[in-house]
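K.L.:
Prediction below, plus the sequence it came from.
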Amino acid sequence: MRSKYISGKENFILDTLKSDPSRHYTADDIYELAKKAKFIISFPTIYRRIKMLISEGVIIKYESTDSDKASFGYNVNLIDYKGYHIFCTKCKTLAYIECDVVDSFSFHLLNSHKFQLDKARTVFYGQCEKCST
């Protein structure tokens, strides 16, 4: 079976997401970054590549309950990444944190309840320091 050819422009999307696993990008963000890098890439191409990468489990789609724009990030379960997601419901910022307490809780879930926490899909909702003051 012949594999599908992936152009450099399409690889740009994965390379962008892999370059900093702590960041998430919307399709608009990817389009603007591609434009800055002098890649001419259409939104349909961006969405097709994202859809394919999601189906392969390489990237994860994060949907905001307060916005119609999803963001996409590299699947941190594929690397030894220690961060967790936090989402500010006020300013809509999705970020990573490293936290020994959450690591301990994850360890507890696994050992006491035989439940493996999926770091890439775990999101804590609340308000960031800037928005809560």
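P.N.:
That came through, no problem.
K.L.:
Which residue would you name as the spatial centre of the chain?
P.N.:
Gly73 (1.9 Å; C-alpha atoms, centre = their mean).
K.L.:
which residues in the chain form helices?
P.N.:
8-19, 27-36, 43-55, 100-113, 129-132 (DSSP state H).
K.L.:
Convert the C-alpha atoms of the shortest one to PDB, please.
P.N.:
By that I understand helix 129-132. Below are the C-alpha coordinates for helix 129-132, written out as PDB (Å, rounded to 0.1, in the frame of the first residue of the first chain):
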ATOM      1  CA  GLU A 129      -3.600  34.700  39.000                       C
ATOM      2  CA  LYS A 130      -4.100  37.800  36.700                       C
ATOM      3  CA  CYS A 131      -7.900  37.200  36.400                       C
ATOM      4  CA  SER A 132      -8.600  36.200  40.000                       C
END
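K.L.:
For it, give me every contacting residue.
P.N.:
In this structure, residues lying in contact with helix 129-132 by C-beta atoms under 8 Å, 6 or more residues apart in numbering are Cys88, Lys90, Cys91, Gly126. Using the backbone N, CA and C atoms, a C-beta is placed for each residue, glycine as well.
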